[in-house]
Each structure stands twice: as structure tokens, then as C-alpha cells.
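S.K.: Predicted model and sequence below, questions to follow.
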There are 2 protein chains.
Amino acid sequence: MSTASARALEHPECGEIRLEGVLHALSDPMRLRIVRFLWQLEEDEEAPCSAIELAVTKSTTTHHFRVLREAGVINQAYRGTAKMNALRRRDLDTLFPGLLGAILAADALQCERDG
Amino acid sequence: MSTASARALEHPECGEIRLEGVLHALSDPMRLRIVRFLWQLEEDEEAPCSAIELAVTKSTTTHHFRVLREAGVINQAYRGTAKMNALRRRDLDTLFPGLLGAILAADALQCERDG
DNA sequence: CAACTAATACGATAGTCTACGTACTACGAC
DNA sequence: GTCGTAGTACGTAGACTATCGTATTAGTTG
């Protein structure tokens, strides 16, 4: 069997993405931070899990990335030894126009206030 | 002691409302439904808990309304034997401009798709 | 006061969530 | 093949969640 297919990752199709799931995925500070990081990258730009500093262990990090992927918020793919992550901007903006932007704008405002 | 003050309800001040908390409150289908209902009322219009049909017991309903109130999403006040609920539109729109609208627009789209 | 209604409080339960540590796998470089 | 790096799997502990049923409180109406 091919090594690539053995490491395939399950992603929800657009039709399977639920608003409640997206909101739940984004309702955790750590995951919101991950999304904030990915958001400020260029469209379609990817980052490995290790690019974001989170004050938790690797297994916890894996967990949060998985929650985001299963909610349909991010896309994950193996690239050699790394696992690259990217926001599913186009999918989300098609399903829920303006939603991600509004949430991240709100997040930016809150971060400012928190100083 | 006065009967009115004995039935006072705790609400977070604007400065205490957290984006994560709001998103979490809205990440439950039942609570999203409550907010959808309140959203289509006039500005500042109130509705009793019983105005919204939820397929759960009263105590569960109480729980969900409380989660919304504690997250800062709704305002609750006693009016005689009823407890009236209203969206905190102005507060939320000041804190997070456009957020509530974007989420409810997304919800409306999803409801349409679900048929 | 008694009866009725709207909603809360309490206590229980089953399930989920976050976090951890340890052991493991996949890949690339040597 | 061996080593290092990146990330997964698994099991677990502790906190929180959703739900229920029952008992209770506050207010209205008779």
C-alpha cells in the first residue's frame, strides 16, 4: 500500500460543515489563536503545526488542530515529515460569507483591548 | 428584604464579555435557535422563555438561557411571573461590530440549505 | 388564603472536553 | 540502517455540559 494514502486525513466536505461546529471550534482561546495566526498568512499559504507557539504539549496541540480540521475550519496535509495547515477561507466564505472575517475582526478588537 | 432585589440576575458588564464565551454560547443548536428567535424581534423587544418552542424540559431551557445570559448575549429581567429575554444588540455591536449579524446571516443561510 | 402559572434550584447521570505522559510511526538526513 | 524531528495514538484524570425529574419560589388571579 502507498505511504501517502496511509496518511490520508479526513476532512468534511463543504456540505457537511456546520455553523455550530465552526463556532464551537473557534470558541477555544487556543484554537482561536491558531486561526488568527493562519488568517494573517497569504491566501492558501500553509504553516506546520510547529509554527505556532502554544504553551501546551504536542499531543494537546494535535488535538486542537484536529478539532479545527474536523469542524471544517482548516485543511491539513502531510508534506514529508511536517503536517501543513491552512485556513479553508474559500470554502467558509462560500458557505458563510463574511463570517470568518467578522469573527477575526472581533478577535482583533478584543486582543487590542486586552493589550 | 425587598422581593425585587431578591430576584436580581447577574449579567456580565460589557468589559467582561469575552468573544470565546459568546462563540461558545452560540455553538449549541438550541441556543442558536433562541438567539435566532430574539433576533427577529424588534430592537429592545422582549420575549418570555416560554415564547420559544424547545423540545426539552423547562429546567434544560432555564440552563440554556442562563448560559446565554452569562456569556453576555442576552439580557434577562423579571416582569411579574415571567422572565423576559432580549438580545444585547447594542452592547455586542459596540464590542464586536458586525459579529452577531454575520453569525445570524450564516445561520439563516444554513437553515435555508437544511430546508 | 388557595390555586395556578412561570420559572429556578437541586441532585443525579451520562457524556464530552482539555490536558497530560508515554509509546509509537513516518519521513528525511546522514 | 540509524538518528533526529514532527506529529499520532492511547489511556487517563479532572472539569465541565446537557439532560432529566422533582421540589420550590414568586407572582397573579380567584
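M.R.: Noted; the coordinates are in hand.

S.K.: Go ahead and name everything in contact with the longest helix along chain A.
M.R.: If you go by DSSP state H, chain A has its longest helix at helix A:99-114. Helix A:99-114 has contacts (CB atoms under 8 Å, 6 or more residues apart in numbering or on different chains) with A:19, A:22, A:26, A:32, A:35-36, A:39, A:87, A:89, A:92-93, B:18-19, B:23, B:95-99, B:101-103, B:105-106. All C-beta atoms are positioned from the backbone trio N, CA, C, and that covers glycine.

S.K.: one more time with 6 Å
M.R.: By CB atoms under 6 Å, 6 or more residues apart in numbering or on different chains, the residues outside helix A:99-114 that reach it are A:32, A:36, A:39, A:92, B:19, B:96, B:98-99, B:102, B:106.

S.K.: how about the strands in chain A?
M.R.: Secondary structure of chain A by DSSP state E: the strands cover A:47-48, A:74-79, A:82-87.

S.K.: and the gap between the residue found closest to residue A:69 once you drop the neighbours it is linked to in the chain and residue A:82?
M.R.: Excluding the flanking residues, the one nearest residue A:69 by CB to CB, 6 or more residues apart in numbering or on different chains is residue A:76, at 5.1 Å. Applying CB to CB, to the nearest Å, the value for residue A:76 to residue A:82 is 11 Å.

S.K.: These two: which is more packed in?
M.R.: residue A:76 (17 against 14; other CB atoms under 10 Å in any protein chain shown).

S.K.: I'd say that one and residue A:85 touch.
M.R.: Yes - contact criterion CB atoms under 6 Å: residue A:76 and residue A:85 qualify, at 5.5 Å.

S.K.: Kindly state the pLDDT recorded for residue A:7?
M.R.: If you check residue A:7, the pLDDT there is 69.

S.K.: sorry, back to before: buried set for the longest helix of chain A?
M.R.: Across helix A:99-114, burial judged by 16 or more other CB atoms under 10 Å in any protein chain shown covers A:99-100, A:102-107, A:110.

S.K.: can you redo the residues you listed as JSON lines with pLDDT and distance to residue A:65?
M.R.: Converted to JSON lines, these look like this (pLDDT from 0 to 100; distance: CB to CB, whole Å):
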{"residue": "A:99", "pLDDT": "98", "distance to residue A:65": "20"}
{"residue": "A:100", "pLDDT": "97", "distance to residue A:65": "17"}
{"residue": "A:102", "pLDDT": "98", "distance to residue A:65": "23"}
{"residue": "A:103", "pLDDT": "98", "distance to residue A:65": "18"}
{"residue": "A:104", "pLDDT": "97", "distance to residue A:65": "18"}
{"residue": "A:105", "pLDDT": "97", "distance to residue A:65": "23"}
{"residue": "A:106", "pLDDT": "97", "distance to residue A:65": "22"}
{"residue": "A:107", "pLDDT": "97", "distance to residue A:65": "18"}
{"residue": "A:110", "pLDDT": "96", "distance to residue A:65": "22"}
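
S.K.: Pull up the gap between residue A:96 and residue B:18, please.
M.R.: From residue A:96 over to residue B:18 (counting by CB to CB), the distance is 22 Å.

S.K.: quick one: which of these two has more around it?
M.R.: residue A:96 (21 against 16).

S.K.: contacting residues around the more buried one?
M.R.: So residue A:96 contacts residue B:106 (CB under 6 Å, 6+ apart).
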